[in-house]
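# Build the 3D model from these lines:
(one chain, ligands or ions: 1)
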Amino acid sequence: MAATVAGSEQSSPPPPLLYTQGQLDFCRRIPKIELHAHLNGSVRDSTIRELSTGLEGGAVSLPDLQRLTQQASRTLGECFQLFDVIHRITTTHAALTRITREVIEDMADDNVVYAEIRTTPKARPEHGMTTESYLDAVFKGVADYYAASRRTQDIQVRLLLSIDRRQSAAEAMGTARLAVQLRDEGVAGLDLSGNPSVGQWETWRPALEYARQQGLKVTVHAGEVWNPEEAAAILQWRPGRLGHMCCLDAALEKHLLDSGIPLELCLTSNVLTRSVPSYADHHFPSFWPGHPVVLCTDDSGVFASSLSREYALAAAAFNLSDEELQQLAVAAADYTFLEPGERAALRERMEAALLVESVDNSRSPFCLFCDANGACGRRGSADSDGGAGGGRRTCDGGERSVR
Ligand SMILES: [Zn+2]
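You can find the predicted model right below:
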């Protein structure tokens, strides 16, 4: 996210809920891929409350924290209060391990079948934590998830190590070297993130270049704030993926479109952090269809969202059909940092999941609205009464829904 907006502590109205429960339910049933999720921004509300019980001081009182973590939506100022609390509760290896396991559990429950979770390994010597022990704790969380899960194939997880823009060139190179060392342990790439108003691209570029020369994939947060020179330089460098890219002029947008570089777009994050004015004004339709785009959450815990909710918001804001949502989800397999054979296998698995769901329910392929008797609850179907829940009829398969 862009942790930058001056005067952000004032309250602003929460974003409108544009989708219906039916749209959200549908999006939950689509197998999805998450490629832009920060570990520490994805912490459960209940875990924040529990782990902060013994905390003293800080920017938010415990009663306020109780209230804040039970709200369905949050202002930007409240999001920053939560980030402050999360920073203060992630001081033990046990907390990191627990948070990692829970984040994966929540993604799996949301029908995410593949995730690249990013985190900045932090050395906090005052708490006996090194960058290596930080990552050991995160890896233990991944292992704990699989040890406890009865459905070991439900979600594949890879890590991306994030260089924080506050880091020096030497610190960034340390993170890049760690990522390269751990590539066989489940680290799939390197990320550049953090406050977009801090630092200079040239500071971290050598570390990113080193990682790329070693065969690691790189994604970069860019265009979160108006900085056309930096956005142009990052585009010129051609990362494997780009995060956000909200603040572009016409020339940069054309450059990006010509590049074909996949975009990680996080609607709620961009709205809440005011990188875009509203969901309806988001730049998603400037790129999709035609340009590779993957919907992501950024910080699902702090922003009180989920990947299914982001899909539902996109469906409502941009009038996407059910089939377009499915295409969007499946295409994301091609933008992962997996090896080509693994990408193809993931894509096949997602397509098979959609078909199996259909066969199991005696439905036509790719209609997820049908019940076990083949009655289709798709909105706007032929004999629909026009209500939000739509009518009931026998499904005709791949017909596009009418919105
Ligand atoms: Zn981010």
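# in stretch 118-135, what's buried?
Neighbour-count burial for stretch 118-135 flags 118, 119, 120, 121, 122, 129, 131, 133, 134, 135 (criterion: 16 or more other C-beta atoms under 10 Å). Where you see a C-beta, it was placed from the backbone N, CA and C, and this is true even at glycine.
# should've said stretch 97-117
97-108, 110-117.
# Can you name the residues that contact residue 120?
Each residue near residue 120 by C-beta atoms under 8 Å, 6 or more residues apart in numbering is listed here: 161, 162, 163, 164, 175, 193, 194.
# cutoff 6 Å now
162, 164 (C-beta atoms under 6 Å, 6 or more residues apart in numbering).
# What are the buried residues along the longest helix seen in the chain?
Counting by DSSP state H, the longest helix found in the chain is helix 340-360. Using 16+ other C-beta under 10 Å as the test for burial, helix 340-360 gives 342, 343, 346, 347, 349, 350, 351, 353, 354, 357, 358.
# From residue 101, how far off is the second one?
With the distance defined as C-beta to C-beta, to the nearest Å, residue 343 ends up 26 Å from residue 101.
# Looking at the buried residues of helix 340-360, which is nearest residue 281?
Nearest to residue 281 among those, counting by C-beta to C-beta, is residue 350 at 30.2 Å.
# so what's the closest one up against?
31, 330 are the contacts of residue 350 under C-beta under 6 Å, 6+ apart.
# Residue 110 now?
By C-beta under 6 Å, 6+ apart, the neighbours of residue 110 are 306, 307, 308.
# Then residue 343?
Residue 343 touches 333, 334, 336, counting by C-beta under 6 Å, 6+ apart.
# and residue 176, what element?
Assigned by DSSP states H and E, residue 176 falls within helix 169-181.
# Can you name the next helix or strand after that helix?
strand 187-193.
# For that next one, C-alpha coordinates in PDB please.
The C-alpha trace of strand 187-193 is given here as PDB (Å, rounded to 0.1, in the frame of the first residue of the first chain):
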ATOM      1  CA  VAL A 187      11.000 -18.100  -2.300                       C
ATOM      2  CA  ALA A 188       9.800 -17.300  -5.800                       C
ATOM      3  CA  GLY A 189      10.900 -13.700  -6.200                       C
ATOM      4  CA  LEU A 190      11.800 -10.300  -4.900                       C
ATOM      5  CA  ASP A 191       9.600  -7.200  -4.400                       C
ATOM      6  CA  LEU A 192      10.100  -3.500  -3.900                       C
ATOM      7  CA  SER A 193       7.600  -1.900  -1.600                       C
END
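# tell me the angle of that strand relative to helix 340-360?
100 degrees (axes from the mean of the first three to the mean of the last three C-alpha atoms, to 10 degrees).
# tell me the angle of strand 187-193 relative to helix 169-181?
160 degrees.
# helices or strands next to the helix or strand just after strand 187-193 in the packing?
Sequence-wise, the next helix or strand downstream of strand 187-193 (DSSP H and E) is helix 201-213. Packing partners of helix 201-213 (3 or more C-beta pairs under 6 Å, 6 or more residues apart in numbering; DSSP states H and E): helix 169-181, strand 217-222.
# List the buried residues for the longest one?
Read that as helix 169-181. In helix 169-181, counting by 16+ other C-beta under 10 Å, buried: 169, 171, 172, 173, 174, 175, 176, 178, 179, 180.
# Check the shortest one too.
Applying a neighbour-count criterion of 16+ other C-beta under 10 Å, the buried positions in strand 217-222 are 217, 218, 219, 220, 221, 222.
# what do you get for stretch 31-49?
Buried residues in stretch 31-49 (16+ other C-beta under 10 Å): 31-45, 47-49.
# How about stretch 141-158?
Those would be 141, 142, 144, 145, 154, 155, 156, 157, 158, for stretch 141-158 by 16+ other C-beta under 10 Å.
# Contacts made by it with the rest, please.
97, 100, 101, 104, 108, 112, 113, 114, 115, 116, 186, 188.
# SS state for the third one?
Read it as residue 101. helix (DSSP: H, G, I helix; E, B strand; the rest coil).
# List the residues that contact it.
141, 144, 145.
# quick one: contacts of stretch 173-193?
116, 118, 158-163, 204, 207, 210-211, 214, 216-221, 337.
# Report the rounded mean pLDDT for that stretch.
When pLDDT is averaged along stretch 173-193, the result is 96.
# And that stretch, end to end?
With C-alpha to C-alpha, to the nearest Å as the measure, stretch 173-193 spans 14 Å from end to end.
# From residue 260, how far off is residue 287?
Counting by C-beta to C-beta, the gap from residue 287 to residue 260 is 11 Å.
# nope, residue 300 is what I meant
28 Å.
# So if I had to pick from the two, which one is more boxed in?
In terms of neighbours (other C-beta atoms under 10 Å), residue 300 is the more surrounded of residue 300 and residue 260; the figures are 27 against 9.
# That one against residue 44, yeah?
No: the pair residue 300 / residue 44 is not scored as a contact, 9.6 Å apart, by C-beta atoms under 6 Å.
# coming back round to it: put together TSV for the buried residues of strand 217-222, with pLDDT and distance to residue 74 on each row.
Formatted as TSV, those follow (pLDDT from 0 to 100; distance: C-beta to C-beta, whole Å):
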residue	pLDDT	distance to residue 74
217	97	32
218	98	31
219	98	26
220	98	27
221	96	21
222	94	25
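# Dihedrals phi and psi, residue 136?
Torsion angles at residue 136 (phi, psi; degrees, to the nearest 10) stand at phi -60, psi -40.
# And the pLDDT at it?
95.
# Not counting sequence-adjacent ones, nearest residue to it?
Spatially, and ignoring its direct neighbours in sequence, residue 136 is nearest to residue 93 (7.3 Å; C-beta to C-beta, 6 or more residues apart in numbering).
# Next one, pLDDT for that neighbour please.
95.
# Residue 18 touches residue 316, doesn't it?
Yes: Residue 18 is within contact range of residue 316, at 3.9 Å (criterion: C-beta under 6 Å).
# The two: which has the busier surroundings?
residue 316 (19 against 16).
# What are the buried residues along the host helix or strand of that one?
Element membership of residue 316, judged by DSSP H and E, is helix 307-318. For helix 307-318, the neighbour count (16+ other C-beta under 10 Å) marks 307, 308, 309, 310, 311, 312, 313, 314, 315, 316, 317 as buried.
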